[in-house]
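Asks: okay, here's the prediction I keep looking at, along with the sequence it came from:
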Amino acid sequence: MAEQKPRFIMCICTGQCPGFSSLDLWQLINTVRGEMDVEYAIVHPQLCVDDGDRFFKDYIKPGVKYVIGACDPKMQRKMFKDAFAEAGGNFDEQVIALDLRNMTTEEAINKVKEALSSLVNA
Ligand code: SF4
C-alpha cells in the first residue's frame, strides 16, 4: 500500500482572533489542498474546546502525520495530546504543530510548505 500522505488541519481560533486577521484562510487552505502533497486539508473553528476534543477522538488515525496550523506549538501539545492518546495516536510522533498567528497569507503558505517538505525528507 502506498504510504499515507499527511493531512493539514487549520484551526482558525473562531475566526474572531486578531492573530489571524492578516491571513486569508481560504487562500491558504486552497493552496495547501491544491498545490501541496497532502491527502487533504480541512478547517476547524476551535480545536482547543470540547468539540475539538471530540473531533480529534473521532478523526485521528494512528500512523498518519498531521500538520496543524494554529497557535503556539507548546500550547497545541498541551491541549491536544490527550485527545490524540484517546484516539490511539501519539501527538509527539504524528504532529508538526505550526504557529501561523500574525503572518501574512504568503508567510503562512511558506511555513506549511516547509513543514511538509521536512516530512518528505525525514
Ligand atoms: S487551538 Fe489555538 S488557534 Fe485554535 S482556537 Fe485554540 S487557541 Fe485558537
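Replies: Cool, the structure landed. Numbers count the residues shown, from 1 in each chain.
Asks: same question for the longest helix that the chain contains: list its buried residues.
Replies: Selection of the longest helix in the chain by residue count, based on DSSP state H, yields helix 105-120. Of the residues in helix 105-120, those buried under the neighbour-count criterion (16 or more other C-beta atoms under 10 Å) are 105, 108-109, 111-112, 115-116. Every C-beta, even on glycine, is put in place using the N, C-alpha and C of the backbone.
Asks: report the contact partners of Asp24.
Replies: Thr105 (C-beta atoms under 8 Å, 6 or more residues apart in numbering).
Asks: can you list the residues of the chain near the ligand?
Replies: Contact residues (C-beta under 6 Å from any ligand atom) of the chain with the ligand: 11, 13, 17, 46-48, 70-71, 79.
Asks: I'd like the residues you listed as a markdown table, with secondary structure appended.
Replies: Formatted as a markdown table, these follow (DSSP: H, G, I helix; E, B strand; the rest coil):
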| residue | secondary structure |
| --- | --- |
| Cys11 | strand |
| Cys13 | helix |
| Cys17 | coil |
| Gln46 | coil |
| Leu47 | coil |
| Cys48 | coil |
| Ala70 | strand |
| Cys71 | coil |
| Met79 | helix |
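Asks: mind giving me the ChimeraX select for those residues, buried ones only?
Replies: Buried members of the residues of the chain next to the ligand can be picked out in ChimeraX with the line below, counting by 16+ other C-beta under 10 Å:
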select :11,13,46,47,48,70,71,79
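Asks: as a markdown table, the residues of the chain next to the ligand with distance to Glu86 would be great.
Replies: Below are the residues of the chain next to the ligand laid out as a markdown table (distance: C-beta to C-beta, whole Å):
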| residue | distance to Glu86 |
| --- | --- |
| Cys11 | 18 |
| Cys13 | 23 |
| Cys17 | 26 |
| Gln46 | 19 |
| Leu47 | 14 |
| Cys48 | 15 |
| Ala70 | 19 |
| Cys71 | 21 |
| Met79 | 13 |
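Asks: among the residues of the chain next to the ligand, which one lies nearest to Leu98?
Replies: In terms of C-beta to C-beta, no member of those lies closer to Leu98 than Ala70, at 7.3 Å.
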